[in-house]
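Enquirer: Need the 3D shape of this:
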Amino acid sequence: MTATTPTSAAPAATAPAPSVTPTFLRLKLSLLRNGLRQSTGRTAAFVTSIVLALLLAAFQLLGLIVLRGNAHADAVVVPLTALVALGWAVMPLFFPSGDETLDPSRLVMLPLRPERLVTALLGASLIGIGPVFTLTLVLGAALAVTHGGPATVAAVLAVPLMLLTCVALARAVAAANVRLLTSRKGRDLALLSGIVLAIGAQFLNLGVQKLSQPGGLSALEPAAAVLGWLPPASAVAAVQSASDGAYASAAVQLALTAAGLVALLRWWRRSLTHLMTSPDSSTLQAASTDSADRTGGRSAGLAAWLPGGRTGAVMLRTLRYAWRDPKAKVAWASSLGIGILLPIVFLVQGNGNVYNACFAAGLLGLQMYNQFGQDYSAFWLVAATTASAHDARVELRARMSAIALVGVPYVALVCIGSAALLDDWAALAEVLGLALALLGALLATGVWSSTYFPYSIPQDSAKNVAPGQGSLAYLSILGGMLIGAVLCMPLLALTVWLHLAAWHGFLWLLLPLGVAYGLALCALSLRLTAPRAAARLPEILGAVSR
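Expert: Model (predicted):
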């Protein structure tokens with residue numbers, strides 16, 4: 001009798017895993033619906049934003065359709081679609097919490113592979129106001145340059161390619177920078193979005209003014225010729241190429257957009273893989289490296305060049321506030337950015353003048369105002385270590401020196417740049433002297449305003465002034481600026497007199513006079529204000545701690 005060995009059963013066919021994309025779509029809709037149910041105000045704001053976005057999209061669609069048949073239609077729509085793609089790329093960096101429901105870091109514990117996550121997140125990302133607005137704009141851009149059957153086929157392919165590329169670009173950027181966007185630096189970056197939007201609006205305004213002139217649209221043709229071969233704008237350019245009968249060029253441009261989409265999806269998948277397999281550095285113990293502060297040694301880097309004692313410590317603290325504190329960083333970035341931008345805007349508008357560089361000194365000098373309010377409740381440390389008028393003078397002088405450390409070279413750079421743009425080197429010395437005098441005057445009045453009119457800057461609120469102190473803040477800044485301008489009148493009168501007397505050879509004297517005058521105003525302000533600051537420490541502490 002022979003033993004028979006049982007035959008092993010054939011392995012059962014593994015059923016393919018069901019797609020999670022419908023689940024993510026339902027999840028996105030449910031989260032949006034539940035979020036709107038939280039409050040009536042949120043619902044009203046969401047509905048209002050939808051209505052406004054749809055109206056704007058409708059007007060843009062109508063305008064692009066009206067552009068159909070214009071000789072410069074392609075020169076408009078190609079840069080426009082490139083600008084939209086740029087907006088999708090940078091928006092996650094400045095508004096990281098705009099769509100927190102799709103934050104991939106919330107999905108790292110789920111048993112999902114990156115490939116399935118990419119498909120599901122891409123589908124869910126198509127739900128929202130932004131994708132609808134982009135679809136309408138891209139559709140209008142395609143209609144503006146579509147002529148004939150082959151162009152229609154190209155448009156049918158180009159519109160979804162463009163939309164998917166924009167969405168994938170935003171998600172890939174967000175996934176690659178998710179650690180940054182969820183950190184303190186990411187929140188600081190979001191606070192800077194207002195500055196970027198303000199500066200971008202100025203450049204957009206200048207561009208619209210330039211294009212509205214007769215024949216202005218022709219200035220976009222060189223940019224459109226270059227952007228037409230860069231994805232995703234190349235998708236719209238392919239429609240124009242098909243309309244012109246350049247079918248090979250249209251095919252290549254569509255292929256470039258498709259290749260760009262594939263590259264973005266691969267980058268997105270690699271970022272998700274890294275995110276789901278690598279530990280968060282915040283949960284790991286940092287390497288034990290003793291800093292100079294822990295070991296009691298002198299600070300390294302640029303801080304080593306600061307003076308010793310209380311002066312250097314206060315200067316370093318002020319500069320660190322400007323770099324680390326979100327609200328201080330926004331204030332400094334606004335002053336630095338707008339100070340450089342305004343002379344350029346005036347020049348482009350035809351009102352260029354080398355004296356416009358004084359705006360840089362005025363904006364940066366405002367950083368001296370409400371110095372104690374920037375400390376908030378931590379001002380009690382300053383009050384506890386200030387025992388005399390000498391201590392108060394050292395404290396105020398160090399804060400003033402920290403601003404001057406950045407302000408003086410910055411003002412000099414703006415003045416030199418303005419003279420170079422206008423080719424007016426002869427006026428550089430007098431303008432630099434006036435600007436430095438204005439900076440010194442505002443630093444001097446800032447010491448006075450910080451001592452007599454301090455106000456609180458809430459740290460847990462988006463407001464820059466505590467309730468009930470708004471008028472105090474506005475009046476102190478406005479009054480200080482007016483007094484600072486009046487203090488500069490003697491030097492300004494000397495400048496006018498030298499010009500009227502045709503003594504142009506002596507205008508260079510305004511540079512040393514402006515430096516000396518600004519230093520004298522600062523020294524006088526410190527001498528008069530420091531005793532009052534030392535006597536008003538309890539009142540200042542109460543005002544800045546609200």
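
Enquirer: ok, then the element right after the helix or strand bottoming out on mean pLDDT in the chain?
Expert: In the chain, the helix or strand scored least confidently by mean pLDDT, DSSP states H and E is helix 292-295, which has a mean of 44. Later in the chain than helix 292-295, the nearest helix or strand by DSSP states H and E is helix 309-324.

Enquirer: and that following helix, C-alpha only, in CSV?
Expert: Provided in CSV are the C-alpha atoms of helix 309-324 (Å, rounded to 0.1, in the frame of the first residue of the first chain):
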residue,chain,number,x,y,z
GLY,A,309,28.4,94.2,28.9
ARG,A,310,24.8,95.2,28.9
THR,A,311,25.0,97.1,25.6
GLY,A,312,26.0,94.0,23.6
ALA,A,313,23.4,91.8,25.4
VAL,A,314,20.6,94.2,24.7
MET,A,315,21.6,94.7,21.0
LEU,A,316,21.7,90.9,20.6
ARG,A,317,18.3,90.5,22.2
THR,A,318,16.8,93.2,20.0
LEU,A,319,18.2,91.6,16.8
ARG,A,320,17.0,88.2,17.9
TYR,A,321,13.5,89.6,18.5
ALA,A,322,13.6,91.0,14.9
TRP,A,323,14.6,87.5,13.6
ARG,A,324,12.6,85.2,15.7
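
Enquirer: Show residues contacting it.
Expert: Contacts with helix 309-324, where a contact means C-beta atoms under 8 Å, 6 or more residues apart in numbering, come from 299, 303, 306-307, 328-329, 332, 367, 371, 374, 385, 391, 394-395, 397-399, 401-403, 405-406. No exception for glycine: its C-beta is placed from N, CA and C like everyone else's.

Enquirer: Which of those residues fall in helices?
Expert: 328-329, 332, 391, 394-395, 397-399, 401-403, 405-406 (DSSP state H).

Enquirer: Please spell out the ChimeraX selection for the buried subset of the contacts of helix 309-324.
Expert: A single ChimeraX command selects the buried members of the contacts of helix 309-324 (16 or more other C-beta atoms under 10 Å):
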select :303,306,328,329,332,367,371,374,391,394,395,397,398,399,401,402,403,405,406
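
Enquirer: list the buried ones in whichever helix or strand V153 is part of?
Expert: Element membership for V153, per DSSP H and E: helix 149-176. Neighbour-count burial for helix 149-176 flags 150-151, 154-155, 157-159, 161-176 (criterion: 16+ other C-beta under 10 Å).

Enquirer: Output the contacting helices and strands for it.
Expert: Where contact means 3 or more C-beta pairs under 8 Å, 6 or more residues apart in numbering; DSSP states H and E, helix 149-176 is packed against helix 73-94, helix 114-125, helix 129-144, helix 233-243, helix 247-277.

Enquirer: So which of those helices is nearest V345?
Expert: Proximity to V345 (C-beta to C-beta) singles out helix 73-94 among those, at 19.5 Å.

Enquirer: relative to helix 247-277, how tilted is the closest one?
Expert: 0 degrees (axes from the mean of the first three to the mean of the last three C-alpha atoms, to 10 degrees).

Enquirer: mean confidence for helix 73-94?
Expert: What helix 73-94 shows for mean pLDDT is 84.

Enquirer: With just CA atoms, put that helix into CSV.
Expert: Coordinates of each C-alpha in helix 73-94 appear next as CSV, following Å, rounded to 0.1, in the frame of the first residue of the first chain:
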residue,chain,number,x,y,z
ALA,A,73,-4.2,86.6,-27.4
ASP,A,74,-1.4,84.0,-27.0
ALA,A,75,0.9,86.7,-25.5
VAL,A,76,-1.7,87.2,-22.8
VAL,A,77,-3.0,83.7,-22.0
VAL,A,78,0.4,81.9,-21.8
PRO,A,79,2.0,84.3,-19.2
LEU,A,80,-1.4,84.3,-17.4
THR,A,81,-1.5,80.5,-17.0
ALA,A,82,2.2,80.5,-15.9
LEU,A,83,1.3,83.1,-13.2
VAL,A,84,-1.5,80.9,-12.0
ALA,A,85,0.8,77.9,-11.8
LEU,A,86,3.3,80.0,-9.8
GLY,A,87,0.5,80.9,-7.4
TRP,A,88,-0.3,77.3,-6.9
ALA,A,89,3.4,76.6,-6.2
VAL,A,90,3.9,79.3,-3.6
MET,A,91,0.5,79.3,-1.9
PRO,A,92,1.2,76.2,0.3
LEU,A,93,4.3,78.0,1.7
PHE,A,94,2.4,81.1,2.7
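
Enquirer: Cool, thanks, signing off.
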